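K.L.:
Have a look at this fold, sequence not included:
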């Protein structure tokens, strides 16, 4: 993963908690986010971890195709729980 040069903007506590609960409950999410190049992406994922590293917060998740993705939390535009 390449380093992001732009400063991390902390997300709200409520949004952070929603992501943590999705990890704990193994709830699939539909994520709309900006990738490392600033391009909008949409994925359906199973979140596996929320953590802090290098002064930013990150979400690790697995796609339906089995690929692991790591997304910086302030780049997530929408995270909807799927039922």
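P.N.:
Structure received. Remember, it's a predicted structure, so these values are computed and weren't measured experimentally.

K.L.:
SS state for residue 6?
P.N.:
coil (DSSP: H, G, I helix; E, B strand; the rest coil).

K.L.:
Could you report the neighbour count for it?
P.N.:
10 (other C-beta atoms under 10 Å). No exception for glycine: its C-beta is placed from N, CA and C like everyone else's.

K.L.:
any idea how far it is from residue 69?
P.N.:
The gap separating residue 6 from residue 69 is 19 Å, by C-beta to C-beta, to the nearest Å.

K.L.:
Can you name the next helix or strand after the lengthiest strand in the chain?
P.N.:
Secondary structure of the chain per DSSP state E: the longest strand is strand 40-53. Sequence-wise, the next helix or strand downstream of strand 40-53 (DSSP states H and E) is strand 56-63.

K.L.:
what helices or strands is that following strand leaning on?
P.N.:
Secondary-structure packing of strand 56-63 (3 or more C-beta pairs under 8 Å, 6 or more residues apart in numbering; DSSP states H and E): strand 40-53, strand 68-72.

K.L.:
List just the one of these that sits closest to residue 62.
P.N.:
strand 40-53 (4.9 Å; C-beta to C-beta).

K.L.:
now the closest one and strand 68-72, what's the angle there?
P.N.:
80 degrees (axes from the mean of the first three to the mean of the last three C-alpha atoms, to 10 degrees).
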